[in-house]
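turn this into a structure:
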Amino acid sequence: MPPVPRALAPDQSLISPGVRSGSYFFAHLTPRPSGPLGIAFGGREQCGPAYAVQRSNFPFVTLEYVAEGHGSLQFGDAAPVTLQPGSVYAYRPGLKHAISSEGRFLVKYFICLSGRGARSYLQARAPVLAAPCQIPRHAELRELFDWIIREGQEPAPAMQEVCWRLLEILLLKISQSHDQSGRAGGQARNRFLECKTFIEANAIKMRSLDEICRTLHVDPSNLSRLFRRFQGGSPYQYLLRCRMNRAAHEFMSPSARVKEVAARLGYDDPYHFSRLFKAVHGIPPAAFRSLYS
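Presented below is the predicted three-dimensional model:
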C-alpha cells in the first residue's frame, strides 16, 4: 500500500502567491521519481484575484479540480481554456503551465503524486493529463477531495489505506463522469445536473427554491421529481446542506459569530438558523465552534 500523508505543519513555501486561505496535508515533499508510488501532498485553496501561477516545471504529477469561481489555464503553447466549477485537469513534471484566477476568487483542490509510475497511474484512471475536462456532476468530487484532506490530516496509521482508497474512488468518479458526460442519462439527467450545479454555485445568494426555479425556468414540481430520481432526496435538502456547509466553514474562524454568519447567509432569525444548522450537522453552531476554539 502506498504511503499516505501524515499531519504535518504547512510549508509556506509551497503556497502560491495570491492564495487567501487553504487547508493542506503534507507528506513526502521531496520528489521521489524512482520511489514507491504515493500521495505527496494536497489540499484546498481559495485564491484571490491576484492569483497567478506560471511554471515551466513542477516535480509532482498533480490533479486539480475547480469547485468555485472562474479562472484560466494554459498548457505549453496551447490556447488558454476557461476554468469554471467542475473543471478537472492534471499536469506532470516538465509540462509548462499557467493558472490564474478571474474575478473575486477561485476555489480549487489538488492532489500531488510522486513515485514510480505516477504519471501512468493517473492517466490510466482519469485521462486528464494536459487535457482539461468539464464534469457536470462535480459535487461528489468536492466531497471526496474534502474527505481525503481530512484523512490526510489524521495521524492514525489506520487511515493510510482509507486515503489511498478514497483517491481511487475519486479517480473512478472522474473517469466515469468524463466518459458519460453528454451521452448518458438522457435529457432529464442532463437537466438535473445543470440544476444541481447551479444550486452548488449559487446556494448562498439564492435563498429559496422558488428563486432558483424562476432563474432556471423550471417548474418546482419538475425540479423535485428530478432530484428524487437522480439524487434520492429533495432539492430543498440539497440547497440547505450546501448553505449549512458554507456556515460550518465560516465557523472554523475564531472570530465568527452566529448572528453575523446567519445574516450573511440571509437568515434574519439566528435561532432559526441555529436549528437548521443542527438539523444538518447534528450539533448547534456553538458546539461546532467549540471544536475549533
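
buried stuff in the helix or strand E143 falls within?
Here E143 sits within helix 139-152, counting by DSSP states H and E. Going by neighbour count (16 or more other C-beta atoms under 10 Å), the buried part of helix 139-152 is 139, 141-142, 144-145, 148-149, 151-152. From N, CA and C alone the C-beta is placed, and that goes for glycine too.

show the subsequent helix or strand relative to it.
helix 159-180.

secondary structure class for G22?
Taken by DSSP: H, G, I helix; E, B strand; the rest coil, the conformation at G22 corresponds to strand.

same question but for L95, I mixed them up
For L95, the secondary structure call by three-state DSSP comes out as coil.

what is the burial count for it?
Close neighbours of L95, defined as other C-beta atoms under 10 Å, add up to 18.

residue contacts, it?
Taking C-beta atoms under 8 Å, 6 or more residues apart in numbering as the contact definition, L95 lies against 57-58, 75-76, 129-130.

between these, which is nearest G103?
G103 lies nearest to F75 out of the contacts of L95, by C-beta to C-beta, at 21.7 Å.

mind checking pLDDT for the residue nearest to the closest one when sequence neighbours are not counted?
The shortest distance from F75 to any non-neighbouring residue, by C-beta to C-beta, 6 or more residues apart in numbering, is to A130 (4.8 Å). pLDDT, A130: 88.

if I pick A130, what's in contact with it?
With contact set as C-beta under 8 Å, 6+ apart, A130 has these partners: 75-76, 89-92, 95.

about what we covered before: how far does the helix holding E143 sit from the chain's center?
7 Å (C-alpha atoms, centre = their mean, to the nearest Å).

alpha carbons of that helix, as PDB, please.
Only the C-alpha atoms of helix 139-152 are listed here, as PDB (Å, rounded to 0.1, in the frame of the first residue of the first chain):
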ATOM      1  CA  ALA A 139     -20.400  17.900  -6.100                       C
ATOM      2  CA  GLU A 140     -19.300  14.400  -5.400                       C
ATOM      3  CA  LEU A 141     -15.700  15.300  -6.400                       C
ATOM      4  CA  ARG A 142     -15.700  18.100  -3.800                       C
ATOM      5  CA  GLU A 143     -16.900  15.700  -1.100                       C
ATOM      6  CA  LEU A 144     -14.200  13.200  -1.900                       C
ATOM      7  CA  PHE A 145     -11.400  15.800  -2.000                       C
ATOM      8  CA  ASP A 146     -12.600  17.100   1.400                       C
ATOM      9  CA  TRP A 147     -12.600  13.600   2.800                       C
ATOM     10  CA  ILE A 148      -9.100  12.900   1.500                       C
ATOM     11  CA  ILE A 149      -7.900  16.200   3.100                       C
ATOM     12  CA  ARG A 150      -9.500  15.200   6.500                       C
ATOM     13  CA  GLU A 151      -8.000  11.800   6.400                       C
ATOM     14  CA  GLY A 152      -4.600  13.100   5.300                       C
END
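
and that helix, what does it pack against?
The contact analysis (3 or more C-beta pairs under 8 Å, 6 or more residues apart in numbering; DSSP states H and E) places helix 139-152 against strand 19-26, strand 38-47, strand 61-75, strand 97-114, helix 159-180, helix 186-202.

pLDDT (mean, whole number) over the second one?
Predicted confidence along strand 38-47 averages 91 (mean pLDDT).

got it, and the shortest one?
If you average the pLDDT over strand 19-26, you get 87.

what distance do you get for Q123 to Y91?
11 Å (C-beta to C-beta, to the nearest Å).

so where's the chain shaky on pLDDT?
Low-confidence segments of the chain (pLDDT under 70): 1-15, 156, 158-159, 178-186, 292-293.

per-domain residue ranges of it.
When the chain is parsed with automatic domain parsing, its domains come out as 12-180, 186-290.
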